[in-house]
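**Student:** Structural data only, the sequence is not supplied:
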């Protein structure tokens, strides 16, 4: 039989196999249907994945590690206006207690923890010994300096400053540097006016950046609010000499000026230059940023006073100089004129 089947063509062999399968399965299906009719068994529907998941979730008993389910709030329970509901994530903190429900062997255990310093100490103060060492170090440092602050600390506590960096402008360093030099040392309002009437293309971007820097200094650091907050803070106009020797008159010590302005080189973009004979040259399109340091006029007054004090000390130190010890010669008792 095997030799005969091996000699048959493939198509005939498949036909015979299919005929055998059909002749075998038809009586089997008929017998199964007759048995079902005899027993009056109705064919059941195939259970879907959703039905099986529903049965698994809602019919199974509580397992250890399950999260406790919150009871729905009854409409009869009075709720104070402005209070937190049961579904709020801050409800436990408002009540002051945390409920943890654990189920072991069918028994429900409820533990309550009050939000106190002892319970939250591990989170708020994870390394108490390191904190104590740091506090001791700070106290020793103050005792060594006898509680005196350094000059840098005094300046940082009494004077305000704001550093604002811009986004990348689509220009080069060579084109943006003259504008940075133009606004350096000027009052912020005067610099904005300069950029407003400038003919440079990048002056529009610099103008918007200066407006942003001014708003940031006023809102975040409270600069430039001397006249508005305290009218009694007005002083007589004072004339100072800047580093370049120019005289500058200050009427409001809290007005904002640009102390420094510098240019930052940014990334390069790709550009294409189509040339003759189908050639294409790659262009490196530069991006540049601008950074400005804003300070108040009281900083200029302090710097001018420091320079004057330093120059006076230097002049006083040069009032008397020791002459070299050498013999006197070629002296005449008469004047030579």
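**Tutor:** Yep, that arrived. Since we're looking at a predicted model, the values are computed, not measured.
**Student:** ok, which stretches of the chain are strands?
**Tutor:** For the chain, applying DSSP state E gives strands covering 97-104, 107-114, 161-165, 238-241, 247-250, 256-274, 280-296.
**Student:** Remind me what the fourth one packs against, helices and strands.
**Tutor:** In other words, strand 238-241. strand 247-250, helix 297-317 (3 or more CB pairs under 8 Å, 6 or more residues apart in numbering; DSSP states H and E). All C-beta spots, glycine's among them, are computed from the backbone N, C-alpha and C.
**Student:** can you redo those as JSON lines with mean neighbour count and mean pLDDT?
**Tutor:** Output for the helices and strands packed on strand 238-241, formatted as JSON lines (neighbours: other CB atoms under 10 Å; pLDDT from 0 to 100):
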{"stretch": "strand 247-250", "mean neighbour count": "12", "mean pLDDT": "94"}
{"stretch": "helix 297-317", "mean neighbour count": "13", "mean pLDDT": "94"}
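**Student:** Looking at those, which is nearest to residue 208?
**Tutor:** helix 297-317 (24.3 Å; CB to CB).
**Student:** Show me where the stretch 51-200 of the chain has its helices.
**Tutor:** Counting by DSSP state H, counting those that start in this stretch, one finds helices in the stretch 51-200 of the chain at the ranges 91-95, 117-124, 128-144, 151-158, 173-183, 188-196.
**Student:** Ends of stretch 319-328, what's the gap?
**Tutor:** With CA to CA, to the nearest Å applied, stretch 319-328 spans 23 Å between its terminal residues.
**Student:** Run through the bridge partners of residue 161.
**Tutor:** On the basis of DSSP bridges, residue 161 is bridged to residue 295.
**Student:** just to revisit the earlier point, can you tell me which of the strands of the chain comes nearest to residue 214?
**Tutor:** strand 256-274 (6.6 Å).
**Student:** who touches the closest one?
**Tutor:** 161, 165, 168, 173, 176-177, 180-181, 183-188, 191, 214, 217-218, 223-224, 280-297, 299-300 (CB atoms under 8 Å, 6 or more residues apart in numbering).
**Student:** before we move on, back to that, so which of the helices and strands packed on strand 238-241 gets nearest residue 334?
**Tutor:** Smallest distance to residue 334 across these (CB to CB): 36.8 Å, for helix 297-317.
**Student:** who does the closest one touch, helix- and strand-wise?
**Tutor:** Counting contacts by 3+ CB pairs under 8 Å, 6+ apart, helix 297-317 packs against strand 238-241, strand 247-250, strand 256-274.
**Student:** Residue ranges in the stretch 51-200 of the chain under the pLDDT threshold?
**Tutor:** 51-117 (pLDDT under 70).
**Student:** swap in the stretch 201-337 of the chain?
**Tutor:** 227-234.
**Student:** mind listing what residue 302 touches?
**Tutor:** Residue 302 makes contacts with 155, 159, as judged by CB under 8 Å, 6+ apart.
**Student:** any idea how far it is from residue 151?
**Tutor:** Using CB to CB, to the nearest Å, residue 302 is found at 11 Å from residue 151.
**Student:** hmm, back to that, dump the strands of the chain into a markdown table; add distance to residue 332 as well.
**Tutor:** Shown next, in a markdown table, are the strands of the chain (distance: least, CB to CB, whole Å):
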| stretch | distance to residue 332 |
| --- | --- |
| strand 97-104 | 107 |
| strand 107-114 | 106 |
| strand 161-165 | 65 |
| strand 238-241 | 47 |
| strand 247-250 | 49 |
| strand 256-274 | 60 |
| strand 280-296 | 62 |
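**Student:** Looking at those, spot the one closest to residue 337.
**Tutor:** So among the strands of the chain, strand 238-241 is nearest, using CB to CB, at 41.3 Å.
**Student:** So residue 157 versus residue 119, what's the distance?
**Tutor:** Counting by CB to CB, the gap between residue 157 and residue 119 amounts to 38 Å.
**Student:** coming back round to it: just put the helices and strands packed on helix 297-317 in CSV and tack on distance to residue 138.
**Tutor:** Listed next are those as CSV, based on distance: least, CB to CB, whole Å:
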stretch, distance to residue 138
strand 238-241, 38
strand 247-250, 38
strand 256-274, 31
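**Student:** which one of those has the most crowded surroundings?
**Tutor:** Comparing the helices and strands packed on helix 297-317 by mean neighbour count (mean count of other CB atoms under 10 Å), strand 256-274 ranks first with a mean of 15.
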